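>>> quick one: sequence plus predicted model below, questions after.
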Amino acid sequence: MVFFSNCKINLGLHIIARRPDGYHDLETVFYPLPLYDVMELLPASQTELILHGLPIPGNKETNIVWKAWQMLKQDLPQLPSVRFHLLKNIPAGAGLGAGSANGATALTALNHFFNLQLSQKQLLKYALQLGSDCPFFILNTPCYAMARGEALQPISLNLSGYYIVVVNPGIHISTPWAFSRITPAPPARSLEELPAVPLSQWAPLVTNDFEQLVFDAYPQVSAIKTQLLAMGAVFAAMTGTGSTVFGLFKNQPDIPVFPDTYFVRCVSLDTRMLNAES
């Protein structure tokens, strides 16, 4: 059985406060993208994880898909063995949440493949144990997020009339490095207002607290945003802690050559195919 593991962008990201547990309180809007990794599950005599496509840092034991299977196996000893084939099309460590999506997809795939009858509430609980972004991919619908990113409130936000250009220059931005240099502060305006604001007026409201920090350290990331706006993007921003930058376009743009880029995609923001399986 084949499942498709999509990614996301952050429409704004505000770091509000440092928490006693070492994490940060934040607010953001997660928006799912129709760009996919592919995960196939097959019956097996012993559990295996076979990776294809783009490289993933670490080894099998540290892979989030493997961790998802181990976590369920611990609570459900009767869980049969399975062979995962994971085709990575979306770069890791790019601010697109592809790894988190793989973990969440593994949970939902195992639930479906073996008819475990886990509820959405149970899947959300397991997903949070894998990572702060993982619960979003269980819901996989536009959400306003708070706390560590796991306090999710689905919102009415539909960008299906737009095209998105996603550009990653192949620069790895260390999340600990980025958070260690950020100064938390409450935002002037909350991103909870976003659904009521026309996209053409997003620029003053939809900001990413990491953007200037990354732009100062890596000017080539800033240059991508400048180029997307010059191409006619209605809105452009960096997602997560970077280094991916995206631009939203009313009409399908002609994509020029982005110098020294690792990953460039242009897709229609039609999310009807999310949560697809076959």
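Yep, that arrived. Numbering: from 1, shown residues only.
>>> thought residue 178 was touching residue 211?
No - Residue 178 lies out of contact with residue 211 (Cβ atoms under 8 Å); the separation is 10.5 Å. C-betas here are computed from N, CA, C, even on glycine.
>>> which neighbours do those two share?
Taking Cβ atoms under 8 Å, 6 or more residues apart in numbering as the criterion, residue 178 and residue 211 both touch residue 242.
>>> just the helices in the stretch 1-150 of the chain please.
Using DSSP state H, counting those that start in this stretch, the helices found in the stretch 1-150 of the chain span residues 64-75, 98-113, 120-130, 134-139.
>>> distance to residue 50, mean pLDDT and mean neighbour count added to those, as a markdown table?
Listed next are those as a markdown table, based on distance: least, Cβ to Cβ, whole Å; pLDDT from 0 to 100; neighbours: other Cβ atoms under 10 Å:
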| stretch | distance to residue 50 | mean pLDDT | mean neighbour count |
| --- | --- | --- | --- |
| helix 64-75 | 10 | 97 | 18 |
| helix 98-113 | 13 | 97 | 24 |
| helix 120-130 | 20 | 97 | 17 |
| helix 134-139 | 22 | 97 | 25 |
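>>> format those as TSV; extra columns: distance to residue 163.
Formatted as TSV, the helices of the stretch 1-150 of the chain follow (distance: least, Cβ to Cβ, whole Å):
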stretch	distance to residue 163
helix 64-75	30
helix 98-113	20
helix 120-130	30
helix 134-139	23
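>>> quick one: which of the ones you listed is nearest residue 249?
Residue 249 lies closest to helix 98-113 among those, at 22.3 Å (Cβ to Cβ).
>>> the closest one packs against which elements?
Contact analysis of helix 98-113 by 3 or more Cβ pairs under 8 Å, 6 or more residues apart in numbering; DSSP states H and E lists strand 2-18, strand 24-43, helix 64-75, strand 82-88, helix 120-130, helix 134-139 as its packing neighbours.
>>> what angle separates the first one from helix 64-75?
Between the axes of strand 2-18 and helix 64-75, defined by axes from the mean of the first three to the mean of the last three Cα atoms, to 10 degrees, the angle is 90 degrees.
>>> what packs against strand 2-18?
With contacts defined as 3+ Cβ pairs under 8 Å, 6+ apart, strand 2-18 has these neighbours: strand 24-43, helix 98-113, helix 134-139.
>>> out of these, nearest to residue 207?
Nearest of the helices and strands packed on strand 2-18 to residue 207, taken as Cβ to Cβ: strand 24-43 at 10.8 Å.
>>> tell me the mean pLDDT for the closest one?
In this model, strand 24-43 has an average pLDDT of 96.
>>> same deal with stretch 205-220?
What stretch 205-220 shows for mean pLDDT is 95.
>>> quick one on the thing from earlier: with distance to residue 241 added, can I get the helices and strands packed on helix 98-113 in CSV?
Putting those into CSV (distance: least, Cβ to Cβ, whole Å) gives the following:
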stretch, distance to residue 241
strand 2-18, 8
strand 24-43, 11
helix 64-75, 18
strand 82-88, 20
helix 120-130, 18
helix 134-139, 16
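>>> compare the ones you listed and report which one is nearest to residue 106.
Closest to residue 106 of those is helix 64-75 (Cβ to Cβ; 3.8 Å).
>>> circling back: mind putting the helices and strands packed on strand 2-18 into a markdown table with distance to residue 92?
Output for the helices and strands packed on strand 2-18, formatted as a markdown table (distance: least, Cβ to Cβ, whole Å):
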| stretch | distance to residue 92 |
| --- | --- |
| strand 24-43 | 10 |
| helix 98-113 | 6 |
| helix 134-139 | 15 |
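>>> out of the ones you listed, nearest to residue 268?
Nearest of the helices and strands packed on strand 2-18 to residue 268, taken as Cβ to Cβ: strand 24-43 at 7.6 Å.
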